[in-house]
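Asker: When you get a sec, could you give me coordinates for this:
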Amino acid sequence: MLVSRIRYRRRKWKLYLSAPEDHLSDPVDRIETEARRLSVADRARLAHRLLESLDDDTAEDPEEVDRAWQAEIERRIAAYRAGEVEAMPAAEVLREARGRLRRR
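Answerer: Down below sits the predicted model:
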């Protein structure tokens, strides 16, 4: 057996102990090898498409989602008008959100 390649991935070094072409027998490895040859923009486009393909298209009816959002909007407006919630200026909300993101 030969060391076919050493690869750094997710803060770990991986050592492949196999013949040089053995790791390419796995379709995922072959696809990854080809994908890494793409430009950054093309890899991003491919990644976006692959992530979209993980969504279950039959899980949610778009009209049902729209109805649920409409009901939530109406619930929030009613709560605001009834004085159950307090409004915050947009600038304050954004400042707080940016602060939380910086602390991550």
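Asker: only C-alpha atoms for contact and neighbour calcs from this point on.
Answerer: Noted.
Asker: Report the mean confidence score over the lengthiest helix in the chain.
Answerer: Ranked by residue count under DSSP state H, the longest helix found in the chain is helix 62-81. In this model, helix 62-81 has an average pLDDT of 92.
Asker: Stretch 86-97 now?
Answerer: 92.
Asker: How much space separates Ala47 from Ala91?
Answerer: For Ala47, the distance to Ala91 (CA to CA, to the nearest Å) stands at 34 Å.
Asker: who's more crowded, the two?
Answerer: Ala47 (13 against 9; other CA atoms under 10 Å).
Asker: What's the per-residue pLDDT of the more buried one here?
Answerer: At Ala47, pLDDT is 91.
Asker: if I look at it, how far off is Arg100?
Answerer: Taking CA to CA, one finds Ala47 at 27 Å from Arg100.
Asker: With Glu52 instead?
Answerer: Distance, Glu52 to Arg100, using CA to CA: 28 Å.
Asker: again with Met88
Answerer: For Met88 relative to Arg100 (CA to CA), the value is 17 Å.
Asker: To what extent is Val93 buried, counted in neighbours?
Answerer: Neighbour tally, Val93, other CA under 10 Å: 12.
Asker: tell me the phi and psi of Pro89?
Answerer: Per-residue torsions, Pro89: phi -60, psi 140 (degrees, to the nearest 10).
Asker: give me the number of residues near it?
Answerer: 7.
Asker: Provide a list of residues in contact with Thr80.
Answerer: Not quite, residue 80 is Tyr, not Thr. Going by CA atoms under 8 Å, 6 or more residues apart in numbering, Tyr80 touches Glu86, Ala87.
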